[in-house]
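Trainee: got a predicted model here, sequence first, then my questions.
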Amino acid sequence: MKIITYNVNGLRAVIQKGFVEWLKATQADVICLQETKAYSSQIPLVLFEELGYQTYFQSAEKKGYSGVAIFTKNMPKKITKGYDLPSEIDDNEGRIIRADFEDLSILSVYMPSGSSGEDRRDFKMRWNRNFHQYIQMLKKEIPNLLIVGDYNICHQPIDIHNPKANMKTSGFLPEEREWLDSFFESGFVDTFRHLNKEPHNYTWWSAWGTAREKNLGWRIDYQAISSHLIDRLQRAVILNEVKFSDHCPVLIEIE
DNA sequence: ATGGTCGATAGTCGA
């Protein structure tokens, strides 16, 4: 099973740049999207249906903002948009969607950015802690989880081009990294890092200057799998040659 | 610390 996660930074924009043709060539079974910035009614869904995908969206209340989606060739047993267990924060920003398959549930998640100010940095921490509580409840019901998407946090110094300069930048703050530590330690494996210990592997590049050309980036997009499923992992790669967005896709294959 | 770009929108905002 081939699964891709991709923060597209506007689904309509990437469609104009050749996203559909690229997706066809990937032969992905499931693609999880973040920052769709659209309601499903604004997307020509037939383009994806022609490739054999069923399309599911969880959009923000605010028009043109955030939003996640899952496109899948296999029929899911159930789709859940937002939270389906008690939660202190509603998913009105369109950050969570889940597809349940026979032996695996896949969540496409867009965790908040904290880059636009103190309010959003605080919201990010509250959101992440609430999300983690939800996942801990959910895994009792559904042990086999794959949680993919834009986490908006670099985990370790190896995951960012300039760790020292970014110690006070949201996305690499100690408390954010500690949250990600606790998230993984609660029963998930960072699939890419499990198979690849090399530096300079990033999934997002700033629009400043020539950051992408020089590969001065951050690894903030992950595919996290329930630890007991790690033996099913066959491949995990960052598709950094794909440039429809300021992020790039991450691909895994599992048995 | 500073700086520029983009997508979606119609306000500028959020990233």
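Mentor: Nice, thanks for sending it over.

Trainee: residues in contact with the residue in the stretch 151-255 of chain A that DNA strand B sits nearest to?
Mentor: Taking Cβ to the nearest atom of the strand, DNA strand B has its nearest neighbour within the stretch 151-255 of chain A at A:Ala207, 3.2 Å off. (Each C-beta comes from the backbone N, C-alpha and C, glycine too.) By Cβ atoms under 8 Å, 6 or more residues apart in numbering, A:Ala207 lies in contact with A:Asp246.

Trainee: give the helix, strand or coil label for it.
Mentor: The three-state assignment at A:Ala207 reads coil, by DSSP: H, G, I helix; E, B strand; the rest coil.

Trainee: now what about the longest helix seen in chain A, what contacts it?
Mentor: The longest helix of chain A (DSSP state H) is helix A:118-141. With Cβ under 8 Å, 6+ apart as the test, helix A:118-141 has contacts from A:83, A:85, A:87-89, A:95-96, A:109, A:111-114, A:145, A:147, A:152, A:170, A:173, A:175-176, A:179, A:182-183, A:186-187, A:226.

Trainee: is DNA strand B within reach of the helix or strand following it?
Mentor: Once the chain leaves helix A:118-141, the next helix or strand it forms, by DSSP states H and E, is strand A:145-150. No: if you take Cβ under 7 Å from any atom of the strand as the test, strand A:145-150 misses DNA strand B, and the best it gets is 8.0 Å.

Trainee: what comes up buried for strand A:145-150?
Mentor: A:145-150 (16 or more other Cβ atoms under 10 Å).

Trainee: so which elements touch the next helix or strand after it?
Mentor: Using DSSP H and E, the helix or strand that follows strand A:145-150 towards the C-terminus is helix A:174-185. Helix A:174-185 sits against helix A:118-141, with contacts defined as 3 or more Cβ pairs under 8 Å, 6 or more residues apart in numbering; DSSP states H and E.

Trainee: return the distance of the helix it packs on from the chain's centre.
Mentor: Distance, stretch centre to chain centre, for helix A:118-141: 15 Å (Cα atoms, centre = their mean, to the nearest Å).

Trainee: that one vs DNA strand B: in contact?
Mentor: Yes: in terms of Cβ under 7 Å from any atom of the strand, part of helix A:118-141 sits within range of DNA strand B, namely A:Arg120.

Trainee: just the pLDDT for A:Gly209.
Mentor: Note for A:Gly209: predicted pLDDT of 87.

Trainee: A:Asp159: what's it in contact with?
Mentor: A:201-202, A:218-220.

Trainee: adding distance to DNA strand B, neighbour count and pLDDT, write those residues out as a markdown table.
Mentor: Formatted as a markdown table, the contacts of A:Asp159 follow (distance: Cβ to the nearest atom of the strand, whole Å; neighbours: other Cβ atoms under 10 Å; pLDDT from 0 to 100):
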| residue | distance to DNA strand B | neighbour count | pLDDT |
| --- | --- | --- | --- |
| A:Asn201 | 20 | 18 | 98 |
| A:Tyr202 | 15 | 23 | 98 |
| A:Trp218 | 11 | 23 | 97 |
| A:Arg219 | 15 | 25 | 98 |
| A:Ile220 | 9 | 24 | 98 |
